[in-house]
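J.: Next one to model:
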Amino acid sequence: MALLIAVLFGAVLRPFGLPEAAVAVPAAGVAIATGVISPAHAWAEVERLGPVVGFLAAVLVLAHFCDVEGLFRACGAWMARWAAGSPGRLLTAVFALGSAITAVLSLDATVVLLTPVVLATAARAGVRAEPHVYACAHLSNTASLLLPVSNLTNLLAFEASGLSFTRFAALMTLPWLAAIGAEYLVFRRWFADELMAPVHTPDAGKAPELPLFALVTVGCTLAGFVMASAVGVEPAWAALAGALV
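T.: Residues are numbered from 1 along each chain as shown. As a prediction, this is how the structure comes out:
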């Protein structure tokens, strides 16, 4: 318990700007050295979680390169055009786009890459940013129900369930839609004042080109997840292939 508390404090407080691993890795070493867990048990956990961590690393690289290619900037421009300065329409666009990005590129892509774009889009449109930024934070959890690759917890459940990729998605589609729909209604009610603000005229800047190569790569990677599941291959390999492409 003391080691766990130390790791949590290190992760939250980040003393001297050190990364989370600066406390977590020594704590794990202490747990093994003092016999809290055996080396064999530790290695078994590494083997079990290794593919999941590898998937996270690969899909974050893929999402980063999509950002470099301008995919998220193009998404922001689409949201701004569709919203036409209306806070309510912008919230709808954030929900639609955030749900899709979370499902395909995992919740981390929504938190790290989409949220800044949404914040900038709201600022350019002259609307209050709170409803839309909060929506990104909530959707990173709610919209990660759909696919095994949407959430690391999903991957662990997916491996234990014995389901295929498509069967998992089919079972989770209705809960995914119900959760997002309920959350959308709550947001419309909770932020009613902000969403009823006067419509502003959005900036008429030149819209960035849609990065087709990045979109095709993401689409092929998603297809790779399905095919990898069908032949019993870890989804981390499909994510790695997408990142390499």
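J.: switch to C-alpha atoms for all contacts and neighbour counts from now on
T.: OK.
J.: gap between Tyr184 and Leu4?
T.: 36 Å (CA to CA, to the nearest Å).
J.: got it, and Phe95?
T.: From Phe95 to Leu4 the distance is 36 Å (CA to CA).
J.: Which one of the two is surrounded by more residues?
T.: Counted by other CA atoms under 10 Å, Phe95 and Leu4 do not tie: Phe95 has more neighbours, with 22 against 13.
J.: so what's the more buried one up against?
T.: 135-136, 139, 180, 184 (CA atoms under 8 Å, 6 or more residues apart in numbering).
J.: Next one, pLDDT for it please.
T.: Note on Phe95: pLDDT of 95.
J.: Next: Gly181.
T.: pLDDT, the model's per-residue confidence, is 96 for Gly181.
J.: So it: helix, strand or coil?
T.: Taking DSSP: H, G, I helix; E, B strand; the rest coil as the rule, one finds Gly181 in the helix state.
J.: do you know how far the most centrally placed residue in the chain is from Ala157?
T.: With distances taken as CA atoms, centre = their mean, the residue of the chain nearest its centroid is Leu107 (1.6 Å). For Leu107, the distance to Ala157 (CA to CA) stands at 16 Å.
J.: what comes up buried for the helix or strand where Leu119 lies?
T.: Per DSSP states H and E, Leu119 falls inside helix 115-125. By 16 or more other CA atoms under 10 Å, the buried positions in helix 115-125 come out as 115-119, 121-122, 124-125.
J.: Over to stretch 222-232?
T.: Of the residues in stretch 222-232, those buried by neighbour count under the rule 16+ other CA under 10 Å are 222, 224-229.
J.: So in the protein, which helix runs the longest?
T.: Identified as the longest helix of the chain according to DSSP state H is helix 39-68.
J.: State the mean pLDDT of that one.
T.: Here helix 39-68 scores 89 as its mean pLDDT.
J.: residues near Leu139, how many?
T.: Leu139: 29 neighbours (other CA under 10 Å).
J.: pretty sure it contacts Gly98?
T.: Yes. Counting by CA atoms under 8 Å, Leu139 does reach Gly98; the two are 6.4 Å apart.
J.: Check whether Gly10 really touches Phe16, as I assumed.
T.: No. Counting by CA under 8 Å, Phe16 is not a contact partner of Gly10; they are 10.1 Å apart.
J.: Domain parsing of this structure, as residue ranges.
T.: Following automatic domain parsing, the chain resolves into domains at 1-37, 49-244.
J.: deepest of the ones you listed, which one?
T.: Mean neighbour count, computed with mean count of other CA atoms under 10 Å, is highest for domain 49-244 among those, reaching a mean of 19.
J.: Quickly find the element holding Leu210.
T.: Per DSSP H and E: Leu210 is located in neither a helix nor a strand.
J.: Hmm, it is touching Ala74, no?
T.: Yes. Using CA under 8 Å, Leu210 is in contact with Ala74, at 5.8 Å.
J.: what about this structure, any weak spots by pLDDT?
T.: Low-confidence segments of the chain (pLDDT under 70): 198-207.
J.: hey, where'd the helices end up in it?
T.: Using DSSP H, helices in the chain cover 2-13, 21-33, 39-68, 71-83, 87-109, 115-125, 130-142, 152-161, 165-190, 192-195, 212-230, 235-244.
J.: Show me how far the last one is from its chain's centre.
T.: This means helix 235-244. Between the centre of helix 235-244 and the centre of its chain there are 16 Å (CA atoms, centre = their mean, to the nearest Å).
J.: likewise stretch 171-191?
T.: 17 Å.
J.: Fine, thanks again, bye for now.
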